[in-house]
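> Predicted coordinates and the sequence they were generated for:
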Amino acid sequence: MTEKTTVIKNRAGIHARPAAMIVQVAGKFKSRIFLEKGEDRINAKSIMGIITLGAGFESVIRIIAEGEDEAAAVDAIERLFENRFEEE
């Protein structure tokens with residue numbers, strides 16, 4: 001299992017467009033990928049799950065992956081957060 005903690009840096013938080021970007025990137029990997037906010041853990045390949053997470057600006061998110069390409073998956077998802085989902 002590989003995991004990293006990140007913070008949402010884009011002002012709008014996770015809405016439909018960033019959620020779609022996460023699902024698109026997550027779908028490229030064989031690993032099971034999850035996002036955690038507080039006690040909530042959702043599948044990063046589920047757009048509805050991501051949207052219902054209610055992750056706003058400066059929310060702390062843990063990215064967790066389990067599987068053969070877990071390190072690459074976590075890094076790819078983290079890059080989306082670091083690049084503010086190309087919104088700013």
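Yep, that arrived.

> Which residue of this structure lies farthest from its centroid?
residue 68 (18.2 Å; C-alpha atoms, centre = their mean).

> ok, that residue - contacts?
30, 31 (C-beta atoms under 8 Å, 6 or more residues apart in numbering). Every C-beta, even on glycine, is put in place using the N, C-alpha and C of the backbone.

> So which residues of the protein form helices?
Along the chain, counting by DSSP state H, helices occupy 16-26, 47-52, 70-82.

> List the buried residues of the shortest one.
To tie it back to what came earlier, the one meant is helix 47-52. 49, 50, 51 (16 or more other C-beta atoms under 10 Å).

> Can you tell me the closest non-neighbouring residue to the first one?
The shortest distance from residue 49 to any residue that is not its chain neighbour, by C-beta to C-beta, 6 or more residues apart in numbering, is 3.6 Å, and that residue is residue 42.

> before we move on, the earlier item: quick one: closest of the helices of the chain to residue 59.
helix 70-82 (10.3 Å; C-beta to C-beta).

> you'd agree residue 2 is up against residue 74?
Yes. Because the distance of 4.8 Å satisfies C-beta atoms under 8 Å, residue 2 is recorded as touching residue 74.
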